[in-house]
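Engineer: Next one to model:
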Amino acid sequence: MSNIAPPTKRLKTDSSSPSFSVAQKPSPSFVVHARNLSEYTTESDLRETLDRFGIIERIILMPRKRQALIQFEEITSSINLVNESARNPITIAGSTCFFNYSLNQKLVNKYETSENNGEEACQGIVLCYTVQNALYPITVDVINTISSAFGQIYRIVITKKNGVQALVEFASRDSAEKAKEELDNADIYSGCCTLKIDFSKINTLKVSRNDQDQWDYTRDFDSQKTPLLQTPKDNRSSYNSRQPGQSHVKSYQTNRSNGQGDRNGYQSAKKDNLPSLMNNSRHNSDNQLILMINNLCTSKFNCDRLFNLLCLYGNVERIKFLITKEGSAMAMMNASDSILNFLQYINNVYIFGRKIHIHVSNQNELKPAIKPGELPDGTPSYKDFSNCRNNRYSTNETASKNKPVAPANVLHWFNAPPGFTEQDVAQLFLNAGAKAPTKVKVFQKKSEKSTTGLAEWNNIADCTEALILTNHTDIDHPSSKYPYTFKLCYSATPILDSTNGNNQSYNNLNTSNNSD
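Structural biologist: So this is what the prediction gives:
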């Protein structure tokens, strides 16, 4: 028997572990390894939190592993980050993260060109598109539409093994370089599908067939197939109206024969312009009615409170909280047009200390729950709102009065009982568990059937939470045998300071509410 001991395994440790010795710590590096990230953490979240330590050159996200690699311009920035996180834990997107030096001194993308390799083919004419925050499906039609404006394209291959990536083979290097310069860091759709582009080491792409994930614009695969039978004399119309070689997404108006398409919807991706390459409405089909909403605060949200927010941007059919996935809910809308409103206005908004994330679900229908579960507040996890009178886009008349407004720190309140005062409004918010507004204004109306006005908070987060907690509160009043339904929506108009001193401060009410 040999007396040679087997090599010891490398020990995986945390810097916070008492047994973690100095000798086991990686040496300082330009690259920092981040762990325990939220699965919804974005590159912008990391930059927003870590920019204070120094200039960040590059970030590689690994969402499935909940990890990331961050490369700083100076090594002192990495040292400051690691030391600071050891003393004071850093929270990003609601998750406490751990930081340590990476074993790599620099980040090298697997598709990136090696500077030490002098072969001309390494510069290549193939670009690798990495699509981050892909809320919409990415197909060869989409990639061809945004890329073909810079030159002829030979082939496109899309992979979805580690996120969404597309390899695009251009006919010339000038076209590839121009496409990289213009499209890098641009959004395909407004607010999502952000492009990160690098040169690839691959010289030419291999395409086995033409479909939505790969396409060779130099070959016609259909024409090379040998038919099994002769064409029948009775030439009836085909079940598939699409002709061979015709784009299966007509709205993109691409020409597959040479890989060149028009630039409809394209806008320059320069920093001083809106970096949106496609019009969202092009990809908005009638069967996209289900929203997936993640990272909700389960102790604050229920079906009614989520409806209070969603109803501002479209008619809600059903809402269902996922018992098996904490903080997640699904909402079915009655019109696909409203889906874009949610992605535009309330995606990535902070509510109850958490940044909520919204994307379009692949499901076509949200089926009713026969035996719904129970949420922490005791309410059911499913509710049908198809016949709810508080939906605000049921008719053309009501829809014309309810135009979507981005979240603000001012709410327009209406349908309050006659004689409702500023003090009554502030107290109503407090009774619902929200913070009292800093200013309240009552509009003077000729009709005394109801009261309307404005309420203002110090920030958008407090305002949004007040809307969720207080919207559609019933108020009894002797003037009517039915209660008044207090309704809220965002207002883009702030409350101007009044010279007659009618605008009151309600900070004392806030203090007493917090103490309770």
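
Engineer: For Leu340, what are phi and psi?
Structural biologist: Main-chain torsions, Leu340, degrees, to the nearest 10: phi -70, psi -30.

Engineer: Kindly apply the preceding question to Thr49 instead.
Structural biologist: Per-residue torsions, Thr49: phi -80, psi -40 (degrees, to the nearest 10).

Engineer: How about the one 5 residues further on?
Structural biologist: The phi/psi pair for Gly54 (degrees, to the nearest 10) reads phi 150, psi 180.

Engineer: now could you export just the CA positions of the longest strand seen in the chain as CSV?
Structural biologist: Ranked by residue count under DSSP state E, the longest strand found in the chain is strand 480-490. Taking C-alpha atoms only, strand 480-490 is exported to CSV below (Å, rounded to 0.1, in the frame of the first residue of the first chain):
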residue,chain,number,x,y,z
SER,A,480,-77.0,57.6,1.0
LYS,A,481,-78.3,54.1,1.9
TYR,A,482,-75.3,52.7,0.0
PRO,A,483,-71.7,53.3,1.0
TYR,A,484,-69.4,55.6,-1.0
THR,A,485,-66.5,53.8,-2.6
PHE,A,486,-63.4,55.9,-2.1
LYS,A,487,-61.3,55.7,-5.3
LEU,A,488,-57.7,56.7,-6.1
CYS,A,489,-55.5,57.1,-9.0
TYR,A,490,-52.1,58.8,-9.7
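
Engineer: what sits up against that strand?
Structural biologist: Contact partners of strand 480-490, identified using C-beta atoms under 8 Å, 6 or more residues apart in numbering, comprise 308, 312, 390, 402, 405-408, 410-417, 428, 450, 463, 466-467, 470-477. All C-beta spots, glycine's among them, are computed from the backbone N, C-alpha and C.

Engineer: Just the ones in strands from the residues you listed, please.
Structural biologist: Among the contacts of strand 480-490, the ones falling in strands (DSSP E) are Val410, Leu411, His412, Trp413, Phe414, Asn415, Ala416, Thr473, Asp474, Ile475, Asp476, His477.

Engineer: residue contacts, the second one?
Structural biologist: The contact partners of Leu411, taken as C-beta under 8 Å, 6+ apart, are Pro437, Leu454, Ala455, Glu456, Cys463, Ala466, Leu467, Leu488, Cys489, Tyr490, Ser491.

Engineer: if we go to 10 Å?
Structural biologist: Neighbouring residues of Leu411 by C-beta atoms under 10 Å, 6 or more residues apart in numbering: 425, 429, 437, 440, 453-457, 463-464, 466-467, 470-471, 487-491.

Engineer: Show me what it is bridged to.
Structural biologist: Ala455, Tyr490 (DSSP bridges).

Engineer: Check what pLDDT it gets.
Structural biologist: Looking at Leu411, its pLDDT stands at 95.

Engineer: Please apply the same query to Pro63.
Structural biologist: In the predicted model, Pro63 carries a pLDDT score of 76.

Engineer: what's it sitting at in phi/psi?
Structural biologist: Reported as degrees, to the nearest 10, the phi and psi values for Pro63 are phi -60, psi -30.

Engineer: Just the buried positions in the longest strand of the chain, please.
Structural biologist: For strand 480-490, a neighbour-count test (16 or more other C-beta atoms under 10 Å) marks Tyr484, Phe486, Lys487, Leu488, Cys489, Tyr490 as buried.

Engineer: Same list, these, but as TSV with pLDDT and distance to Asn362 please.
Structural biologist: Below are those laid out as TSV (pLDDT from 0 to 100; distance: C-beta to C-beta, whole Å):
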residue	pLDDT	distance to Asn362
Tyr484	93	41
Phe486	95	37
Lys487	94	33
Leu488	94	32
Cys489	94	31
Tyr490	94	30
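
Engineer: out of the residues you listed, who's nearest Leu46?
Structural biologist: Using C-beta to C-beta, the shortest approach to Leu46 within the buried residues of strand 480-490 belongs to Tyr490, at 29.1 Å.

Engineer: Please convert the buried members of the contacts of strand 480-490 into ChimeraX selection syntax.
Structural biologist: Buried residues among the contacts of strand 480-490 (16+ other C-beta under 10 Å), as a ChimeraX selection:
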select :308,312,390,402,405,407,408,410,411,412,413,414,415,416,417,428,450,463,466,467,470,471,472,473
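
Engineer: what ranges of this structure fall below the confidence cut-off?
Structural biologist: Scanning the chain with the threshold set as pLDDT under 70 gives 1-25, 108-124, 162, 221-288, 446-447, 498-516.

Engineer: In it, where's the longest helix?
Structural biologist: For the chain, the longest helix by residue count, based on DSSP state H, is helix 75-87.

Engineer: I'd like to know which elements that helix is packed against.
Structural biologist: Helix 75-87 sits against strand 31-35, helix 43-50, strand 67-72, strand 95-101, with contacts defined as 3 or more C-beta pairs under 10 Å, 6 or more residues apart in numbering; DSSP states H and E.

Engineer: give me that answer again for 7 Å
Structural biologist: Identification of packing neighbours for helix 75-87 by 3 or more C-beta pairs under 7 Å, 6 or more residues apart in numbering; DSSP states H and E yields strand 31-35, strand 95-101.
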